[in-house]
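Student: The sequence and its predicted three-dimensional model are supplied below.
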Amino acid sequence: MKRFVMGLCVVMVVMMSLAAIAEEKADKAKGHVYAPFNNLKLTDEQREKVIAIQSKIREQIKALEQQEHEQVMAVLTDEQKAEFAKSEEEAAAKRRDYAKKYQEKKKAEEAEKAKEKEKDSK
């Protein structure tokens with residue numbers, strides 16, 4: 001009987017955790033309030049308005065950055081453009097390498113946690 005109750009408790013905890021994760025993912029899908037406003041206790045209406053404002057501004061920033069890039073590239077010589085392209089590719093390679101190492105580290109940590117859980121359950 002005790003095992004049944006313990007098993008039921010474990011199932012309930014897992015179900016509650018999954019529900020919380022699903023709710024968190026749904027919140028992220030709605031959008032994210034960025035600093036310095038993310039620590040405020042906003043109403044749902046305020047949150048939606050802030051997300052809309054920040055999304056619009058971020059789109060404008062991206063457009064300005066693209067405009068800057070195009071205008072600067074128009075000023076550069078072919079040699080400078082080639083040098084810039086090379087440095088961009090090197091930076092991209094570093095980001096890819098970092099992302100790969102991060103994913104490997106995360107997988108190793110998850111495997112270690114799984115081993116610890118398995119060890120604890122025995």
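Tutor: That came through, no problem. Residues are numbered from 1 along each chain as shown.
Student: Please work out which residues outside stretch 101-116 touch it.
Tutor: Stretch 101-116 is contacted by no other residue when judged by C-beta atoms under 8 Å, 6 or more residues apart in numbering. In this view, the C-beta of every residue, glycine as well, is placed from N, C-alpha and C.
Student: Give the buried residues for it.
Tutor: Residues of stretch 101-116 classed as buried by neighbour count (16 or more other C-beta atoms under 10 Å): none.
Student: now could you export just the CA positions of it as CSV?
Tutor: Output in CSV follows, covering the C-alpha atoms of stretch 101-116 (Å, rounded to 0.1, in the frame of the first residue of the first chain):
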residue,chain,number,x,y,z
LYS,A,101,30.9,22.4,-27.2
TYR,A,102,28.0,23.8,-25.2
GLN,A,103,25.7,21.1,-26.6
GLU,A,104,28.2,18.4,-25.8
LYS,A,105,28.7,19.7,-22.3
LYS,A,106,25.0,19.8,-21.7
LYS,A,107,24.5,16.3,-23.0
ALA,A,108,27.3,15.1,-20.7
GLU,A,109,25.7,16.8,-17.7
GLU,A,110,22.3,15.3,-18.5
ALA,A,111,24.0,11.8,-18.8
GLU,A,112,25.7,12.4,-15.5
LYS,A,113,22.3,13.4,-13.9
ALA,A,114,20.7,10.3,-15.3
LYS,A,115,23.4,8.1,-13.9
GLU,A,116,23.0,9.7,-10.5
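Student: Which residue ranges of this structure form helices?
Tutor: Along the chain, the stretches classed as helices by DSSP state H are 2-30, 44-75, 78-121.
Student: where in this protein is pLDDT low?
Tutor: Low-confidence segments of the chain (pLDDT under 70): 1-30, 122.
Student: contacts for stretch 52-64?
Tutor: Taking C-beta under 8 Å, 6+ apart as the rule, stretch 52-64 contacts 31, 33-34, 37.
Student: Quick check on those: which are buried?
Tutor: For the contacts of stretch 52-64, buried by 16+ other C-beta under 10 Å: Val33.
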